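Undergrad: no sequence on this one, just coordinates:
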């Protein structure tokens, strides 16, 4: 699990401490004074984890998160549950899934990562994933 944010390291550390999430992320990329390059950070995280874009998903709450994930070749989930979320703008960017509640995200994660991993993203429409079938192992 990785986290990419435009926040400074100090600001993020405070937020993670408030929610007890200090040790939850294997890799963290924070904002820089010269400005963020989220697509480059996303590609760097994938490389560090040894993953292809098809083996990962980015969850973001801003329109720039959707466009950055697309630029990095990643499937993207738009987290649109915050009161100030730009739901219609996020929807217009065609994320792979628009999550209107935390429960929507939880359902997606449960369906995706507790079952066979997604093999590829079906480009015929948002939110359509193709799953590989697990090999049958008879005892």
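TA: On my side now, so go ahead. Keep in mind the model is a prediction, meaning the values are calculated, not measured.
Undergrad: and the residue nearest the centre of this protein?
TA: Centrality entry for the chain: nearest residue to the mean C-alpha point is residue 58, 1.6 Å, by Cα atoms, centre = their mean.
Undergrad: residues contacting it?
TA: By Cβ atoms under 8 Å, 6 or more residues apart in numbering, the residues touching residue 58 are 4, 42, 65, 68, 69, 72, 74, 75, 76, 77. For glycine as for every other residue, the C-beta is placed from the backbone atoms N, C-alpha and C.
Undergrad: go again using 7 Å as the cut-off
TA: Taking Cβ atoms under 7 Å, 6 or more residues apart in numbering, we find residue 58 in contact with 42, 65, 69, 74, 76.
Undergrad: next up, phi/psi of it, please.
TA: When read as degrees, to the nearest 10, the backbone of residue 58 gives phi -110, psi 140.
Undergrad: could you pull out the helices for this structure?
TA: Counting by DSSP state H, the segments of the chain that form helices are 9-18, 38-49, 63-71, 87-92, 102-113.
Undergrad: deepest-packed of those helices, please.
TA: helix 63-71 (a mean of 19; mean count of other Cβ atoms under 10 Å).
Undergrad: what sits up against it?
TA: By Cβ under 7 Å, 6+ apart, helix 63-71 touches 38, 39, 42, 58, 60, 76, 78, 86, 89, 90, 93, 95.
Undergrad: mind doing that once more with 10 Å?
TA: Helix 63-71 is contacted from outside by 4-6, 36-43, 53, 56-60, 62, 74-79, 85-86, 89-96, 98, using Cβ atoms under 10 Å, 6 or more residues apart in numbering.
Undergrad: low pLDDT regions in this structure?
TA: 115-139 (pLDDT under 70).
Undergrad: again, only using 90
TA: Counting by pLDDT under 90, the chain has low-confidence residues at 32-36, 108-139.
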